[in-house]
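**Q** need a 3D model of the sequence below.
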Amino acid sequence: MKALMSNVSDSSTPLDMRRVIPIFLLVFVDMLGLTIILPLLHIYAAAYGATPFEIGVVVATFPLAQLIGVPMMGGLSDRFGRKPMLLISQITTCISFVILGLAGSLQMIIISRLLDGVFGANISTAQAALSDITDSSNRTRALGITGAAFGLGFIFGPLIAILTFQLTDSLVIPALTAAVYSF
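**A** Now for the predicted structure:
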């Protein structure tokens, strides 16, 4: 068994960190933006007098839109390339956070989450990009690095959400902070 493990590690191709780090940062920033907004979505909805059902709709809009958006963006990234789709995804995520921050109605909040859900397919596209630049000997490590970015976003995003909301008592600032990170 030891000889088998030795052969596996000897045949590993080193990761090209110059190509992995930008994807790591993209995933981190995407998760950071999402997790700044996620803990406050019910407050955004409640600010416009949403019923419990409407709050559920606001929270569910993004993942439901992802059911359509991720396969669509995946197909487009296969056709037009990963980089253009990653850029489009990041730009629309930024725009959706600006819309959320400036929303004047419950419908605008839902539109912002719908836009981000349909076009915000950065995670799956980033994983496809990593698969494109790695081989079987280092793909797991590269995907693990993006998993770390995912986890870090989930650690720091809610912290930023709490700080920006508590310090300003405004729902505009957390959304615009997420937009700035996305930008």
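
**Q** what count of nearby residues applies to Leu67?
**A** Other residues lying near Leu67 total 11 when counted by other Cβ atoms under 10 Å. In short, each C-beta sits where N, CA and C put it, glycine included.

**Q** now it: which helix or strand?
**A** helix 52-80 (DSSP states H and E).

**Q** repeat for Phe24
**A** Going by DSSP H and E, Phe24 is part of helix 17-37.

**Q** and that helix, what's buried?
**A** The neighbour-count check on helix 17-37 (16 or more other Cβ atoms under 10 Å) flags 20, 23-24, 26-37 as buried.

**Q** let's see stretch 140-154 as CSV, backbone CA atoms only.
**A** What follows is stretch 140-154, C-alpha atoms only, in CSV (Å, rounded to 0.1, in the frame of the first residue of the first chain):
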residue,chain,number,x,y,z
THR,A,140,-8.8,17.4,-6.2
ARG,A,141,-6.3,19.8,-4.7
ALA,A,142,-7.5,22.7,-6.9
LEU,A,143,-11.1,22.0,-6.1
GLY,A,144,-10.2,21.8,-2.4
ILE,A,145,-8.6,25.3,-2.7
THR,A,146,-11.9,26.7,-4.0
GLY,A,147,-13.7,24.8,-1.3
ALA,A,148,-11.6,26.8,1.2
ALA,A,149,-12.6,30.0,-0.6
PHE,A,150,-16.2,28.9,-0.3
GLY,A,151,-15.8,28.3,3.4
LEU,A,152,-13.9,31.6,4.0
GLY,A,153,-16.7,33.5,2.3
PHE,A,154,-19.2,31.8,4.6
